[in-house]
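Q: what's the 3D shape of this:
(one chain, ligands or ions: 1)
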Amino acid sequence: MKNKRKRDQPQATIHPRNKYSEKPPDFALLASTYPSFEPFVFYSRDGRPRIDWTDFNATRELTRVLLLHDHGLNWWIPDGQLCPTVPNRSNYIHWIEDLLLSEIIPRPNPCQDNVRGFDIGTGANCIYPLLGASLLGWRFVGSDVTDVALEWAERNVRSNPQISEMIEIRRAGCHARCAQTEDSFAKGSVNSDSNVDQRNLEECYLELPILCDVLRDGETFDFCMCNPPFFESMEEAGLNPKTSCGGTPEEMVCPGGEKAFISRIIEDSAKLKQSFRWYTSMVGRKTNLKSLIFKLREVGVTIVKTTEFVQGQTCRWGIAWSFVPPVKRIVSTHVSVKKNPSFMLQGVHRQSGAFDVLQSTESFFRSSGASCELNISSFCVDISASKEHLCRILEDNAKCHEGDSGSTNFRISVFQQIPGSVLVKGSLQHKDSSLSGEYLSVFDRLEEVLKDKLCRGRSSNA
Ligand SMILES: C[S@@+](CC[C@H](N)C(=O)[O-])C[C@H]1O[C@@H](n2cnc3c(N)ncnc32)[C@H](O)[C@@H]1O
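A: Sure, this is the predicted structure:
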């Protein structure tokens with residue numbers, strides 16, 4: 001089964017040093033070891049142990065037992081707080097480890113001893129400091145703004161005396177401001193129609209510092225990290241019907257969404273410059289990645305690196321930048337990797353979803369005569385197309401008869417993001433295919449066709 005899953009996935013999904021890269025969590029073992037987890041495990045017809053991902057209590061108990069079993073950590077969060085998935089969160093930690101080990105910028109600390117990180121918005125779950133300290137011996141400051149996050153992050157640190165000395169929890173912003181913000185959120189004004197409440201809330205939120213004014217004089221760090229509030233409203237956050245990881249408005253929502261939040265980190269970084277060797281953040285939407293990179297160039301960073309975290313049916317990105325002069329040429333990964341182009345469909349009609357995107361993709365290629373194999377379980381279509389097929393799609397008859405008539409194989413995968421947003425990715429089997437140019441043009445054409453057919457405000461023929 002493990003092999004099948006590997007073959008179905010378009011790319012590596014998990015960092016090779018991730019504890020779960022070779023062996024995903026064993027629910028049956030965890031259930032027999034931890035009686036509190038046992039009631040959440042059931043067996044599907046194929047005999048595989050499963051949990052109900054839409055049950056918050058099940059996902060929280062899974063996180064609790066995984067942290068205990070595999071990391072020796074005691075952990076808990078109150079009902080409704082954002083519940084982290086341990087394998088996914090570990091990927092971000094290992095990517096930062098790669099950045100610190102890389103020689104893109106000079107390493108002041110070749111042995112990686114005394115690494116010190118800053119987790120912006122550590123949450124009640126305090127997951128990054130707990131994982132970073134227990135897996136890699138990193139020291140951390142974890143910041144947050146809400147009372148509940150600060151109180152529970154502290155509790156989670158104190159419950160683990162073996163690492164408690166390594167983690168400091170710090171409030172960002174003055175108490176009064178935060179209390180006011182929490183109160184507004186608690187009253188639901190983030191979703192309210194009252195413009196006044198909304199404006200007060202936004203002003204209040206935007207006044208909370210992120211890095212400047214939270215750092216102490218002369219403090220330096222090897223890196224900062226952040227899983228920002230991704231959304232502009234709880235409606236936008238929606239609730240992924242396939243999982244229930246909780247998440248309160250304070251955790252999920254901020255004015256301007258993740259783009260505004262990360263832009264503020266960028267602005268702070270432009271003032272703090274080399275106080276951090278690496279600034280990093282998670283990014284939930286690929287479209288935001290482009291404008292953030294643009295902003296980074298504007299503030300004069302020396303390096304930008306990006307990565308992609310493919311996590312089941314969800315994609316996230318990581319962005320990192322630095323003001324330290326690089327040892328090597330500036331690189332920006334994956335943005336330049338043409339073998340795996342991607343685009344995001346935004347505003348997909350309410351009645352359409354990833355499945356419609358998949359079917360439309362199949363008929364797009366099939367209409368040219370290319371051979372297509374639809375794989376519904378992994379949401380992808382495998383395509384084998386000749387030059388003639390690709391030229392037919394591009395309506396380029398002249399080119400069709402030029403040169404040799406080789407063929408090319410590629411896969412188009414579809415990932416449902418939040419409701420209304422679908423990510424489409426291509427992966428070419430052989431980078432050196434003589435048809436890689438046509439493949440990229442066809443991929444651009446696919447983007448146009450799907451947008452016209454399935455996205456609101458674009459339909460010319462829908
Ligand atoms: C998406 S949650 C991330 C929680 C946790 N790090 C995780 O990955 O599960 C975002 C967190 O950022 C916090 N936050 C919002 N504004 C902040 C600010 N100005 N400074 C620090 N934290 C902030 C929220 O309270 C929330 O706990």
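
Q: can we go C-alpha only for contacts and neighbour counts from here?
A: Will do.

Q: I'd like to know how many residues surround the closest residue to the ligand within the stretch 201-350 of the chain.
A: Nearest residue of the stretch 201-350 of the chain to the ligand: residue 251, at 3.8 Å (C-alpha to the nearest ligand atom). Residue crowding around residue 251 was assessed by other C-alpha atoms under 10 Å; the count is 22.

Q: How far does the helix or strand hosting it sit from its chain's centre?
A: Assigned by DSSP states H and E, residue 251 belongs to helix 249-252. Helix 249-252 sits 16 Å away from the centroid of its parent chain (C-alpha atoms, centre = their mean, to the nearest Å).

Q: Mind giving me the packing neighbours of the following helix or strand past it?
A: With elements assigned by DSSP H and E, the helix or strand that comes after helix 249-252 is helix 257-272. Using 3 or more C-alpha pairs under 8 Å, 6 or more residues apart in numbering; DSSP states H and E as the contact definition, the elements that helix 257-272 packs against are strand 276-283, helix 286-298.

Q: which of those is buried the deepest?
A: With neighbours defined as mean count of other C-alpha atoms under 10 Å, the helices and strands packed on helix 257-272 peak in mean count at strand 276-283, which reaches a mean of 25.

Q: was I right about residue 132 contacting residue 138?
A: Yes - using C-alpha atoms under 8 Å, residue 132 is in contact with residue 138, at 5.5 Å.

Q: quick one, which of the two is more surrounded?
A: residue 132 (24 against 21).

Q: Tell me the residues of this structure that contact the ligand?
A: With C-alpha under 6 Å from any ligand atom as the criterion, the chain comes near the ligand at residues 82, 84, 120-123, 143-146, 149, 172, 208-210, 227-229, 250-252.

Q: picking that back up, what pLDDT does the residue of the stretch 201-350 of the chain closest to the ligand get?
A: At residue 251, the model reports a pLDDT of 81.

Q: From residue 77, how far off is it?
A: According to C-alpha to C-alpha, to the nearest Å, residue 251 stands 13 Å off from residue 77.

Q: Select the longest helix from the protein.
A: Assignment by DSSP state H gives helix 436-454 as the longest helix of the chain.

Q: Show me the strands in the stretch 101-250 of the chain, by range?
A: Ranges of strands in the stretch 101-250 of the chain, per DSSP state E, counting those that start in this stretch, are 116-120, 139-144, 167-171, 221-226.

Q: Could you work out the end-to-end span of stretch 157-165 for me?
A: With C-alpha to C-alpha as the measure, stretch 157-165 spans 9 Å from end to end.

Q: List the buried residues of it.
A: Under the neighbour-count criterion of 16 or more other C-alpha atoms under 10 Å, stretch 157-165 has 157-158, 160, 163-164 buried.

Q: farthest pair in those?
A: Farthest-apart pair in the buried residues of stretch 157-165 is 158 and 163; separation 8.6 Å (C-alpha to C-alpha).

Q: Show me what the longest helix of the chain is packed against.
A: Using 3+ C-alpha pairs under 8 Å, 6+ apart, helix 436-454 sits against strand 342-345, helix 354-366, helix 387-393.

Q: neighbouring strands for the first one, and are they parallel or not?
A: By that I understand strand 342-345. strand 422-428 (antiparallel) (DSSP bridges).

Q: contacts for the partner strand?
A: 10, 339-346, 348, 353-354, 408-417, 436, 443 (C-alpha atoms under 8 Å, 6 or more residues apart in numbering).

Q: let's go with 6 Å and repeat that
A: 339-345, 410-416 (C-alpha atoms under 6 Å, 6 or more residues apart in numbering).

Q: Distance from it to the middle of the chain?
A: The answer for strand 422-428 is 16 Å, by C-alpha atoms, centre = their mean.

Q: and it, average pLDDT?
A: Average pLDDT, strand 422-428: 86.

Q: now residue 370: how far from residue 158?
A: For residue 370 relative to residue 158 (C-alpha to C-alpha), the value is 60 Å.

Q: I meant to write residue 318 there.
A: 29 Å.

Q: do the same with residue 388
A: Using C-alpha to C-alpha, residue 388 is found at 65 Å from residue 158.

Q: Contacts only, for residue 119.
A: 142, 224-226.

Q: before we move on, the earlier item: would you single out the least confident of the helices and strands packed on helix 257-272?
A: helix 286-298 (a mean of 90).

Q: neighbouring contacts of that one?
A: In this structure, no residues lie in contact with helix 286-298 by C-alpha under 6 Å, 6+ apart.

Q: let's see it at 8 Å
A: Contacts of helix 286-298 (C-alpha under 8 Å, 6+ apart): 259, 262-263, 266, 283, 304, 316-317, 319, 321, 343-344.

Q: circling back to that earlier point, any idea which of the helices and strands packed on helix 436-454 is most buried?
A: Stretch with highest mean neighbour count among the helices and strands packed on helix 436-454: helix 387-393 (a mean of 21; mean count of other C-alpha under 10 Å).

Q: what's it packed up against?
A: For helix 387-393, the packing partners by 3+ C-alpha pairs under 8 Å, 6+ apart come out as helix 397-400, helix 436-454.
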